[in-house]
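Novice: the amino acid sequence is not available; the structure is as follows:
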């Protein structure tokens, strides 16, 4: 279930909040192949099922950066911020890939708000910047496929008095 924030104060009070988990999705070979085509990374561990069966993972694995890119699919399922004039992605910190995501595996996002702060307090449109740690769970694995701290900046609509 998506956690919804309607104001800067609500978001500022949410440091440490668990955002829960998303629905599972299956990582199919077609998705991996499309990512390989988009990025030019056609390494055999991703796109050659026959050769990959004999490789270190026993089959094809998703690109780490594909797993990271799917955070963009999961993040809106974890958090929604309303009443905005603008919201932007600022970047990512501490990207890690603790476990490979095998083709055919099911993954989901898990979120936690780790930091929230005011930005530009003395400007006409102050913003709130939040850091959400997203872990990509792999069904049946103790280790996640990816852990990343995503940073987003939100500028709220003025509050009418």
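Specialist: Okay, I see it. As the structure is a prediction and not an experimental result, all values here were calculated from the model.
Novice: what about the helices in the chain?
Specialist: Using DSSP state H, the helices of the chain run over 8-12, 29-39, 44-47, 49-53, 64-69, 71-78.
Novice: tell me the mean pLDDT for the first one?
Specialist: Think helix 8-12. Average pLDDT, helix 8-12: 93.
Novice: cool, and the fourth one?
Specialist: On average, the pLDDT along helix 49-53 is 97.
Novice: and for it, what's in contact with it?
Specialist: 29, 44, 45, 46, 58, 59, 60, 61, 103 (C-beta atoms under 8 Å, 6 or more residues apart in numbering). From N, CA and C alone the C-beta is placed, and that goes for glycine too.
Novice: and these, which is closest to residue 143?
Specialist: residue 61 (13.6 Å; C-beta to C-beta).
Novice: didn't the closest one look like it was pressed against residue 97?
Specialist: No. Residue 61 lies out of contact with residue 97 (C-beta atoms under 8 Å); the separation is 10.1 Å.
Novice: comparing these two, which shows the higher neighbour count?
Specialist: residue 61 (24 against 19; other C-beta atoms under 10 Å).
Novice: low-confidence ranges in the chain?
Specialist: 123-125, 159-161 (pLDDT under 70).
Novice: all strands for it, in order.
Specialist: Taking DSSP state E, the strands of the chain run over residues 3-5, 18-21, 25-26, 79-81, 84-96, 106-119, 127-138, 146-156.
Novice: what's the fifth one packed up against?
Specialist: Where contact means 3 or more C-beta pairs under 8 Å, 6 or more residues apart in numbering; DSSP states H and E, strand 84-96 is packed against strand 146-156.
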